[in-house]
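Colleague: sequence plus predicted model, see below.
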Amino acid sequence: MRVLYVITEIGKQSLSKPFTYLYDGHDQVDVRYRVMVPFGPREIMGFVTRVVETNKTKKELEEETGMPLRYISRVIDREPLLDDELMKLATAVADYYMAPLISVLQAMLPKSLAPRRGALKGPKEAYEKWVRLLKDEEKGLTPKQVECVRLLKRSGEVLKKEASTPAVVRALLDKGILEQFDKPRSRYVIPEAEREVAHEPTLDQRNAIEEILSSSHSIVLLQGVTGSGKTEVYLRLSEHYLQEGKNVLMLVPEISLTPVMVEYFSRRFGRVIAILHSGLTPAEKYDEYQRIKRGEARIVVGARSAIFAPLENIGLIVIDEEHVDSYKQSTAPFYHARETAIMRSKINGAKVVLGSATPSLETKARAMRGIYGYASLPRRISGQGLPTTTIVDMRSQESKGSVKHIFSKQLIEKIGEKIGKQEQVILLLNRRGYSSYITCEKCGYVFECPDCGSPLTYHYEDQMLKCHHCDFILYFPKVCPQCGSSSLARVGFGTERVMKEIADLFPSARAARLDSDAGKVAKNVASLTKAFKNHEYDILVGTEMIAKGHDFPLVTLVGDVLADIGLNLSTYRASERTFNLIAQAVGRSGRAKRKGEALIQTYSPSHYAIVYGAKQDYEAFFRREMMARKTFGYPPYYFLIEVRFLADKEEKAARAAADFKRVALLQGFKDLEIVGPGTPFLSFFQGKYRRTLLFKYKDGTLLRRFLRQEVERISGKGGVEAEIEVDPLDS
Ligand code: ADP
Ligand code: ZN
Ligand code: ZN
């Protein structure tokens, strides 16, 4: 008889302790195996964390433990699910993020291998489900269904999962408005890129490589201005480790940036590359995962979750654009790929290179204190300086000769000049939609989201009002619901409006828009960026999606239409994000032979994030922002942990938070500030009321243990669930 300690697929804090089961079958079963277990009336999946052999009978064991014991239903795996390194990593991540181990395993593994009942269905065949419009009909449909119909009208055939929610698509299929079909999708094959002749590294690049390889630090910050050739450094370093017989893990911040990186690597190293990110189909992901496990890949390129790749013998882990927030998962276990990489390198001894033009404050501060090594690329490869930037004060009279306060005279002139010279322009505006909100001119009524209270944004493309914080949608109303007046004003502006003004001002210019609305359909993003690179468009208008990573050689003007947008967000990172976005966007200009320019329009021309962003003066920004972080008690001076309380009644959530705070204060921890109970922006979301507590601390040894125990203790009791997020970015 064997006693199995099993954590189950239910990832709640309150259930994160192992359950005890029995097994007297003959299958091989050990730690790191998945098993099916009875759980109440149901059968669910579990993961074995400990096995004890015993000669005792069920009865004896039950008497010993004082509770009834059940047998597992069956063993699923024939070999351990994870190797030793990944198991250690999973445990380290669960520990640091105070998350249930099961949630880490679920984030770590492809769907068909995760400890989750759904995994039993296995990877799907290698085809994808697509939908297309059969009837162009909107009568009797809900706004969400209409939104889907209009999307298909614009985009033609799209992937079923991109069309809308499963429920909406199902309803439209049932009504005969959509039809579904399968498209065979050959499993992902890395394009047979031509091998290239490698660039001769510049002196700066050689120094950086030398510095990284000879550094006694296992973690090194590579700080290189935009266009300084960081990629070539990654490639050279990879070559070095491959020659030593080691393998390489290369992370990029977003799925959309993987193809470019894969191309660089396959041109240099041929077919030893595997790709891992959440955009692959389950079958592709399974295939790539197995290929890596079998040792057929020497290099893995991917987004956040690729940090968990089952690659053995890793010599180098590169985190490109390490400052980007998408490296942090926004659901449990809330892990950050950069911190996870560092944990992994502690286990396997790999070198970690953190690359960025604008490092996160945490990373830069650690490099300055000698905790990390440091290498830099201070110049652009092209020999061109950084773009010349001008800040345009939108408050001044002069710039107000402009079109409804969207474009200043200066920006209009510059756009005209560049297009005239057959050069390209990028216009950044970090807000999608047409106007920011709709108000009644007669009575002042503002259309707000009934679910979360945010003003609704008007979308011209499908004539709807949408909430940008939850998924509420409404038809664009003809009259004010309060006074019946039909004079509704569209206030503020987004990317769609910029497109309209461009069309009015430069009727012959070819303009395209790229934001998360246009980008909802992945094929559109790929074809759009390619077309822009081929100069099929003169102007690209978009949100932060266009600011990152891309190399468009003909772009010589970047216009930031309204740089202030992110400044007032209620997160301690508002300035850092604003600075990064400006610096990255400006960095898209003048990357090749011709000198670049940038124009930053703002109503806060003296705000340091904007001033230093425009100058791309990272060091000055760093010093100034560090002062603010110190004054207000934020990272990297203080650590943060947020505890969230979710309940079906508002009072319950509020009371749980207040009680929790009281108990925490009684412990008398040193250097601890507890902010809250606070009401998060989405105070009612997915059927739950929410309250938060933010813990700011310097030394977490005792505090962390307290939080973990206390959250486990209260979670699941009295209709309240508590959730911990370590190192939150949005607080
Ligand atoms: P970054 O990531 O630092 O912004 P990239 O890696 O995109 O910069 O490099 C900018 C450009 O410089 C690319 O077009 C790249 O091909 C080119 N490049 C990089 N290294 C060299 C080199 N040693 N010689 C010539 N061109 C180079
Ligand atoms: Zn009104
Ligand atoms: Zn909403």
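Modeller: Thanks, I have the structure now. Note that the structure is predicted; figures quoted are calculated from it, not measured. Residues are numbered from 1 along each chain as shown. Ligands and ions are numbered 1, 2, ... in the order given.

Colleague: neighbours of the closest residue to Ile255 other than its chain neighbours, how many?
Modeller: Nearest residue to Ile255, sequence neighbours excluded (C-beta to C-beta, 6 or more residues apart in numbering): Gly279, at 4.4 Å. Placement of C-beta: from N, CA and C, glycine included. Applying other C-beta atoms under 10 Å, we find 15 residues neighbouring Gly279.

Colleague: then Asp77?
Modeller: 18.

Colleague: okay but it is in contact with Arg34, surely?
Modeller: Yes: between Asp77 and Arg34 there is a contact under C-beta atoms under 8 Å: 5.2 Å.

Colleague: what's the pLDDT at Gly270?
Modeller: Here the pLDDT value assigned to Gly270 is 83.

Colleague: next: Lys12.
Modeller: 64.

Colleague: touching, the residue nearest to Ile255 and Ala522? I think so.
Modeller: Yes: using C-beta under 8 Å, Gly279 is in contact with Ala522, at 7.1 Å.

Colleague: roughly how far does Tyr434 sit from ligand 3?
Modeller: Counting by C-beta to the ion, to the nearest Å, the gap from Tyr434 to ligand 3 is 18 Å.

Colleague: contacts only, for His240.
Modeller: His240 sits next to Ile209, Leu213 when contact means C-beta atoms under 8 Å, 6 or more residues apart in numbering.

Colleague: and the residue lying closest to Ser487 once chain neighbours are set aside, how far from Ser486?
Modeller: In space, and not counting its chain neighbours, Ser487 is closest to Glu441: 4.3 Å by C-beta to C-beta, 6+ apart. Computed as C-beta to C-beta, to the nearest Å, the Glu441 to Ser486 distance reads 10 Å.

Colleague: just the mean pLDDT for the strand or helix carrying Tyr286, thanks.
Modeller: Using DSSP states H and E, Tyr286 sits in helix 282-293. Mean pLDDT, helix 282-293: 85.

Colleague: do the same with stretch 448-460
Modeller: On average, the pLDDT along stretch 448-460 is 87.

Colleague: do any residues in it lie close to ligand 3?
Modeller: Yes: Stretch 448-460 is in contact with ligand 3 by C-beta under 5 Å from the ion, via Cys449, Asp451, Cys452.

Colleague: how about the closest residue to the first one other than its chain neighbours, phi and psi?
Modeller: Leaving aside its chain neighbours, Cys449 sits nearest to Cys467 (3.9 Å; criterion: C-beta to C-beta, 6+ apart). According to degrees, to the nearest 10, the main-chain angles of Cys467 amount to phi -90, psi 130.

Colleague: likewise Lys595?
Modeller: Dihedral angles (degrees, to the nearest 10) for Lys595: phi -60, psi 140.

Colleague: how many residues are close by the closest residue in space to it that isn't next to it in sequence?
Modeller: Distances taken as C-beta to C-beta, 6+ apart place Gln384 nearest to Lys595, at 5.8 Å, with adjacent residues excluded. Neighbour count of Gln384, defined by other C-beta under 10 Å: 17.

Colleague: same question, the one 5 residues further on
Modeller: Other residues within reach of Thr389 by the criterion other C-beta under 10 Å amount to 20.

Colleague: check contacts around it.
Modeller: Thr389 makes contact with Val586, Glu597, Ala598, Leu599, Ile600, Ala614, Lys615, Gln616, according to C-beta under 8 Å, 6+ apart.

Colleague: one more time with 7 Å
Modeller: Applying C-beta atoms under 7 Å, 6 or more residues apart in numbering, we find Thr389 in contact with Val586, Ala598, Ile600, Ala614, Lys615.

Colleague: of those, which belong to strands?
Modeller: Ala598, Ile600 (DSSP state E).

Colleague: the contacts of Thr389 also near ligand 3: which ones?
Modeller: Okay, of the contacts of Thr389, nothing touches ligand 3 (C-beta under 5 Å from the ion).

Colleague: quick one, longest helix in the protein?
Modeller: helix 650-666 (DSSP state H).

Colleague: buried residues in that one?
Modeller: By neighbour count on 16 or more other C-beta atoms under 10 Å, the buried set for helix 650-666 is Lys652, Ala653, Ala654, Arg655, Ala656, Ala657, Phe660, Lys661, Ala664.

Colleague: dump those residues into CSV; add pLDDT as well.
Modeller: Formatted as CSV, the buried residues of helix 650-666 follow (pLDDT from 0 to 100):
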residue, pLDDT
Lys652, 93
Ala653, 93
Ala654, 94
Arg655, 95
Ala656, 94
Ala657, 95
Phe660, 95
Lys661, 96
Ala664, 94
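
Colleague: so Leu540 is in which element?
Modeller: Per DSSP H and E: strand 539-542 holds Leu540.

Colleague: circling back to that earlier point, any idea how many residues pack against the residue nearest to Cys449?
Modeller: 20.

Colleague: let's number from 736 now, not from 1
Modeller: Sure thing, new numbering starts at 736, so read that last one as Cys1202.

Colleague: how about the contacts made by it?
Modeller: Cys1202 neighbours (C-beta under 7 Å, 6+ apart): Cys1184, Asp1186, Cys1187, Ser1189, Leu1191.

Colleague: what about the fourth one, how many residues nearby?
Modeller: I take that to be Ser1189. Around Ser1189 there are 16 residues (other C-beta under 10 Å).

Colleague: assumed Tyr740 was part of a strand.
Modeller: Yes: secondary structure of Tyr740 (DSSP: H, G, I helix; E, B strand; the rest coil): part of a strand.

Colleague: can you get me a residue count around it?
Modeller: 17.

Colleague: so it makes contact with Lys752?
Modeller: No: Tyr740 is beyond contact range of Lys752, at 9.3 Å (criterion: C-beta atoms under 7 Å).

Colleague: where do the strands sit along the stretch 1086-1235 of the chain?
Modeller: For the stretch 1086-1235 of the chain, applying DSSP state E, counting those that start in this stretch gives strands covering 1086-1091, 1108-1112, 1123-1128, 1159-1163, 1172-1175, 1192-1194, 1199-1201, 1208-1210, 1223-1226.

Colleague: most packed of these?
Modeller: Stretch with highest mean neighbour count among the strands of the stretch 1086-1235 of the chain: strand 1159-1163 (a mean of 26; mean count of other C-beta atoms under 10 Å).

Colleague: elements contacting that strand?
Modeller: Applying 3 or more C-beta pairs under 7 Å, 6 or more residues apart in numbering; DSSP states H and E, one finds that strand 1159-1163 contacts helix 1144-1155, strand 1274-1277, strand 1290-1295.

Colleague: what pLDDT does the residue of the stretch 1186-1335 of the chain found nearest ligand 1 get?
Modeller: Proximity of the stretch 1186-1335 of the chain to ligand 1 (C-beta to the nearest ligand atom) peaks at Asp1286, 5.2 Å away. Turning to Asp1286, the model gives it a pLDDT of 79.
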